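>>> Requesting a structural model of the entry that follows:
(one chain, ligands or ions: 1)
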Amino acid sequence: MLLEGLLVDLVPYGDAFKKLEHRWNNSEAVFWASVGDRRVVSRASIERWQQESAERAEQGPRHSVWFGIRTKDGTPIGDMALNWVLPHHRLGMLGAMIGEPDYWGGGYGTDALLLIVDYAFDWLDFHKLWLGTMASNVRAQRNVEKAGFKLEARRRQEMYADGEWVDHLLYGLLREEWPGREAMVARLGLKTRKEG
Ligand SMILES: CC(C)(COP(=O)(O)OP(=O)(O)OC[C@H]1O[C@@H](n2cnc3c(N)ncnc32)[C@H](O)[C@@H]1OP(=O)(O)O)[C@@H](O)C(=O)NCCC(=O)NCCS
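Numbering: from 1, shown residues only. Take a look at the predicted model:
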């Protein structure tokens, strides 16, 4: 399975990505992705998580769909996932992390987001997608609002990040609000690097 975008492709989350998990889990990226957690994680812990995750996958159906985000030149830069999938509600929670900060703010996240949203609605027949982020994560808010997500709730002072209480923002997007990826690409004027 490969979802082809303009700047990135969403690809199976294989070894090329798993090898980078130690670096990403000890970087600034995880603070934003995990809403406020500043971790120091050993290689041994990462290997144990990976082992546990593989064992869970063998035990039964997973309630998440993971992709790696790979640039067009083949560089693995992060992950994009549908988590907490509730099939009977046709509902899923989006999670995204570009683990390489040098790639933030360059449109890669928007490209990846349009791909996974389209996949969830068009292929998996979801009814709704949602996600949560810290009020201080302005980049993520801009990213999801561009794709049409609506702010549905502000849960006050729910996260403690870098010594401060911050609000937790919940965003949602309904299938009926999604015009399709091609329409979104046109609306946002997204281009490949060559065109741009
Ligand atoms: C959130 C994330 C996936 C977004 O991907 P991205 O490639 O950085 O985002 P994009 O470049 O596609 O879009 C980000 C938008 O925020 C804007 N932006 C960038 N830095 C910003 C800042 N400090 N303040 C406000 N807006 C900012 C960009 O200009 C862009 O908007 P524009 O297209 O209107 O100019 C990525 O930054 C990331 O993985 N961050 C770390 C982990 C994280 O926050 N995960 C999400 C948790 S909910």
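>>> Please make it C-alpha for all contacts and neighbour counts, starting now.
Fine.
>>> mind listing what's buried in the lowest-mean-pLDDT helix or strand in the chain?
Ranked by mean pLDDT, DSSP states H and E, the helix or strand of the chain with the weakest confidence is helix 43-59, at a mean of 92. By 16 or more other Cα atoms under 10 Å, the buried positions in helix 43-59 come out as residue 46.
>>> which residues are in contact with that helix?
21-22, 62 (Cα atoms under 8 Å, 6 or more residues apart in numbering).
>>> and those as a markdown table, adding secondary structure and pLDDT?
Formatted as a markdown table, the contacts of helix 43-59 follow (DSSP: H, G, I helix; E, B strand; the rest coil; pLDDT from 0 to 100):
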| residue | secondary structure | pLDDT |
| --- | --- | --- |
| 21 | helix | 97 |
| 22 | helix | 97 |
| 62 | coil | 77 |
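>>> Pull the contacting residues for residue 93.
82-85, 129-131.
>>> Inside strands: which ones of these?
82-85, 129-131 (DSSP state E).
>>> Surely residue 80 is in contact with residue 95?
Yes. Residue 80 lies in contact with residue 95 (Cα atoms under 8 Å); the separation is 5.8 Å.
>>> to the chain's geometric centre, what's the distance from stretch 51-58?
Between the centre of stretch 51-58 and the centre of its chain there are 21 Å (Cα atoms, centre = their mean, to the nearest Å).
>>> Quick check: residues of the chain near the ligand?
By the rule Cα under 6 Å from any ligand atom, the part of the chain lying against the ligand is 29, 32-33, 96-98, 104-110, 132-133, 138-140, 142-143.
>>> Please list only the buried members of those residues.
Here, 16+ other Cα under 10 Å leaves 29, 32-33, 96-98, 107-110, 132-133, 140, 143 buried among these.
>>> can I get the CA coordinates of the least confident helix or strand of the chain in CSV?
Included here for helix 43-59 are C-alpha records, laid out as CSV according to Å, rounded to 0.1, in the frame of the first residue of the first chain:
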residue,chain,number,x,y,z
ARG,A,43,17.4,2.1,22.7
ALA,A,44,16.4,-0.9,24.8
SER,A,45,13.0,0.7,25.6
ILE,A,46,12.3,1.4,22.0
GLU,A,47,13.2,-2.2,21.1
ARG,A,48,10.9,-3.5,23.8
TRP,A,49,8.0,-1.3,22.6
GLN,A,50,8.5,-2.5,19.0
GLN,A,51,8.6,-6.1,20.2
GLU,A,52,5.4,-5.6,22.3
SER,A,53,3.7,-3.9,19.4
ALA,A,54,4.6,-6.8,17.0
GLU,A,55,3.2,-9.3,19.6
ARG,A,56,-0.1,-7.4,19.9
ALA,A,57,-0.4,-7.3,16.1
GLU,A,58,-0.1,-11.1,16.1
GLN,A,59,-2.8,-11.5,18.7
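>>> is it true that residue 149 touches residue 173?
Yes. At 4.8 Å, residue 149 counts as touching residue 173 under the criterion of Cα under 8 Å.
>>> thinking again about what came up before, now the contacts of residue 93 in TSV, with pLDDT and neighbour count?
Below are these laid out as TSV (pLDDT from 0 to 100; neighbours: other Cα atoms under 10 Å):
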residue	pLDDT	neighbour count
82	97	22
83	96	19
84	95	14
85	96	18
129	98	22
130	98	20
131	98	19
